[in-house]
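Student: Structure, please.
(3 chains)
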Amino acid sequence: MEISEQLRKICTTSLIFVLCISYLVCHCNRAKETTDYRIVSLSPAMTEILFALGSGNNIVGVTTFCDYPEEAKKIYKIGDFSNPSVERIVGLKPNLVILNLPEQMRIKKQLERLKINIFVSSPSSLDEVYEEITEIGKIVKREHNADSLVNYMRTNIVPVENKKKTNVYIELSPRPIVTIGKHSFLNELLELAGAGNVFADLNKDYPVVSQEEIIKRNPEIIILLHPENIEQRTGWGTIAAVKNKRVYADINQDYIMRPAPRLVKGFKELKRIILE
Amino acid sequence: MNKQLLIILIFLGAVLVSIIVGPAQLTSEIFQLRISRVVLGIFAGGMLAFCGGILQGLFGNPLVEPYTLGSASGAALGGSIGILIFGTINPVFAFLGSLGVGFFVFTIARIEGGLFRDRLILAGVVMSFLCSSLVMITMLMGGRELYEILYLLMGYLGIIINSTNRIMIIVLIAVSIGLMVFLYRYHRELDIISQGIETAAGLGINIQKLSITIFLATSLLIGLIVSIVGAIGFVGLVIPHISKLLFGPKHLRNLPASFILGATFLLLADTASRVITVYELPVGVVTSLVGVPFFIYLYRR
Amino acid sequence: MKALKVQNISFSYDTTDIIKNVTFSSEKGEFLGIIGPNGAGKSTMLRILCGILEPQRGNVFILNENIKDINQKSRAQKISFVPQETHFALNFLVEDVVLLGRYPYLSAFQRERKEDTEAVEHALAYANVMEFRKRPINSLSSGERQRVVLARALAQQPKILLLDEPTSHLDLHHQYAIMQLLKKLNAEGLSVVTVNHDLNLASLYCQRLLLMYEGTIYSEGTPQSLINNENLKHVYKTDVKIIKHPLKDVPQIFLHPEGE
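Tutor: Sure, this is the predicted structure:
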């Protein structure tokens, strides 16, 4: 009778022990899953967002353009924005790859074929930017942070009171002259800041325009996103922006072109320039 | 007499049209802008057609045009490398690229005896292919810089003129005119070459030396043009033919005619591109689209 | 003075020797014919004589001056060359074609002078192409074109005229016309050297013949001395019948179809 009792004790203890171990093991695995997210971000904007959400450590691969914040620069590079290397991406064994459409369509197809998890970012309005932040927040289980971020952005990017609409011309490069067309959220940003892009009617994202056209549309403000001086340009003297010395070259391009938290900074800069 | 007067009148008409027609109102500022385009148009259109005539004469080949010797691809390559380094197209780099390729073409053509003149075309075509591939690679590496290289390859007259580059451009145009006059002196040699290489040798022409001289001068000239306005196509190929059709085989007459016809054609094409669309259409697009049917029409007559 | 003198010239192309150590000379005012089988080096020899080709070894003297020492334009004023066939890529007027023959006398931006137009007139008349002067060259028959090319060579006012197969591709009428013209020019003091396939014509018109064979001069002399069965058999590997021309004391060659 003692033996069978001892035996029963041993069995029960072992059983409990085994159950405990299994539970712990399973739980640990799940824990690994959540903190062991391996994300490759092909979108500099999304990289910024992930860091802002506190998931920076989950990023295992970025493009050469992912330069903010500082820590992002130290992450393994899988190529540049237009030509990321699929091999390098796959080699990192990511469980999520974030990419941009339409620029990275080719990559998207290749990754889909390899059955890799994809998150597509292509916000065409501020609301969509906010939606994407919320979504990615859910995926990386940082809903809280995502909500705060979106809130922060919403409260800081609000339309200005004055109703006057200032004409703005944005120049991306001088040779040839490239400006911004119907580029979604940037135009929205401008409108909220009380301005309008003189070339918002052009359907292309980055149209090349002629000097005459710019002069004809007579912008009141010129924003340069490249280092060249425009003061001496023949024929530009009649443009209101040049006459009134409202040419600005000090906005960081990334603040207004990336659908990321720094849009708040960008918006502030735009307001400063427009309402000056 | 009649024909010469006619084309000069048409030319002046084209100048007038180029100044008057355009999307914006003709203010004094717009006038300045358009004058720059006119000057560039005359310079590029005239000189490209002129060079085309010279090269077609030297090689005795009707399909030769200014970019056969690799200068356009060389300029594109130089420009692309400039982009990688400076982030934007640097005309100096484009020019160096064009010269560099010219140098390579020259060296390849001098390998082993044989007629330098014949090897030049082959070397030029080969180098063009090589440069195009290299440019493709740089285009893949870039993102938006794609635009810049594209516009360099197709050429456009809407470049920004400011006080710094205005003087440089004037100097370059002056140098180009000098080169053009220098090349014009070979009009008789070109006439003779069209009658056979041996005829030319028998009349005392040193084909080797002539080929080298003309090659160097035209490469320089074309390099200058391409580095300023890009590689505007079609003009250098077709205008010399039209000029010969209208003014006969003597280069004394058809070379200046090529210049005027080329300038006229480019001015009109540029005006058209201004009017068609709000965008800065590369004028090379218009020259090809318009030029081809026009050329076919003229050839059938 | 010798019109032409050639000393120990050798010429090879790639690894083939075309002219092997040849020496000969030609007197002023001579009508010299170069004959020989295909590949003997006749055309090459002609080109070396007028400076179009440069021999790897040896010297060529034109009117006692070494070709290497004169510049090309002055050389072209002394000696001119009529190729076998000329293809005109651009349709120049006949008179403009002939005018180009004045190139050696004109400097870069110089316009044609009175003496140039006179030389052209003279050449047009001599070659009998005056009637075609305003016609585009490609509208002429090949015989007429050849006369124009000759006129161009004459416009150079050379002392020595070299012709490469001037009569092949020509019909009887034009063959005769050209040879008569050459004879007339020669009578007026022009030294003429022609390469000719047609042995009978060469015999009829040339004062002296050079028989070339495999890059060397096999024999030289008057038609009477040079044209015999031995030479012809050795060089052309053909049996022929040689008969004196009925109207002139020169040999003429007749082929005989085998088996008759």
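
Student: Which helix or strand contains the closest residue to A:Ile223 other than its chain neighbours?
Tutor: Of all residues not flanking A:Ile223 in the chain, A:Ile170 sits nearest, at 4.8 Å (C-beta to C-beta, 6 or more residues apart in numbering or on different chains). For the C-beta atoms, the positions are set from N, CA and C on the backbone; glycine is no exception. A:Ile170 belongs to strand A:166-174 when assigned by DSSP states H and E.

Student: wait, isn't C:Thr238 in contact with C:Leu232?
Tutor: Yes: if you go by C-beta atoms under 8 Å, C:Thr238 and C:Leu232 touch, sitting 6.6 Å apart.

Student: Neighbour count: the two, which is higher?
Tutor: Ranked by neighbour count (other C-beta atoms under 10 Å in any protein chain shown), C:Thr238 and C:Leu232 place C:Leu232 first, with 21 against 12.

Student: so how far is chain B from the residue in chain C that chain A sits nearest to?
Tutor: Of all residues in chain C, C:Phe109 sits closest to chain A, at 36.9 Å by C-beta to the nearest C-beta. From C:Phe109 across to chain B, the span is 6 Å (C-beta to the nearest C-beta, to the nearest Å).

Student: pLDDT averaged over stretch C:162-173, what's the number?
Tutor: Mean pLDDT, computed over stretch C:162-173, is 90.

Student: sorry, back to before: going by contacts, tell me the helices and strands next to the strand holding A:Ile170.
Tutor: Packing contacts for strand A:166-174, counted by 3 or more C-beta pairs under 8 Å, 6 or more residues apart in numbering or on different chains; DSSP states H and E, involve strand A:177-179, strand A:195-197, helix A:211-217, strand A:221-224.

Student: In a markdown table, list the ones you listed along with mean neighbour count and mean pLDDT.
Tutor: Shown next, in a markdown table, are the helices and strands packed on strand A:166-174 (neighbours: other C-beta atoms under 10 Å in any protein chain shown; pLDDT from 0 to 100):
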| stretch | mean neighbour count | mean pLDDT |
| --- | --- | --- |
| strand A:177-179 | 24 | 90 |
| strand A:195-197 | 22 | 91 |
| helix A:211-217 | 21 | 90 |
| strand A:221-224 | 23 | 94 |
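
Student: Pretty sure B:Ile149 is one of the things B:Val135 touches, is it not?
Tutor: Yes: contact criterion C-beta under 8 Å: B:Val135 and B:Ile149 qualify, at 6.4 Å.

Student: Give the residues shared as contacts by the two.
Tutor: Listed as contacting both B:Val135 and B:Ile149 by C-beta atoms under 8 Å, 6 or more residues apart in numbering or on different chains are B:76, B:80.

Student: For the stretch 1-150 of chain A, which residues score under the pLDDT cut-off?
Tutor: Along the stretch 1-150 of chain A, segments meeting pLDDT under 70 span A:1-2, A:20-35.

Student: all helices for it, in order.
Tutor: Secondary structure of the stretch 1-150 of chain A, counting by DSSP state H, counting those that start in this stretch: helices at A:2-35, A:44-53, A:86-91, A:105-113, A:126-139, A:143-156.

Student: cool, and the stretch 151-300 of chain B?
Tutor: Along the stretch 151-300 of chain B, counting by DSSP H, counting those that start in this stretch, helices occupy B:163-184, B:187-193, B:197-202, B:207-229, B:235-247, B:251-276, B:283-300.

Student: circling back: just the buried positions in the strand holding A:Ile170, please.
Tutor: A:166-174 (16 or more other C-beta atoms under 10 Å in any protein chain shown).

Student: Need those residues in a markdown table (columns: distance to A:Ile157 and pLDDT).
Tutor: Output for the buried residues of strand A:166-174, formatted as a markdown table (distance: C-beta to C-beta, whole Å; pLDDT from 0 to 100):
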| residue | distance to A:Ile157 | pLDDT |
| --- | --- | --- |
| A:Thr166 | 17 | 90 |
| A:Asn167 | 21 | 92 |
| A:Val168 | 17 | 94 |
| A:Tyr169 | 22 | 94 |
| A:Ile170 | 18 | 93 |
| A:Glu171 | 23 | 93 |
| A:Leu172 | 22 | 88 |
| A:Ser173 | 27 | 86 |
| A:Pro174 | 29 | 86 |
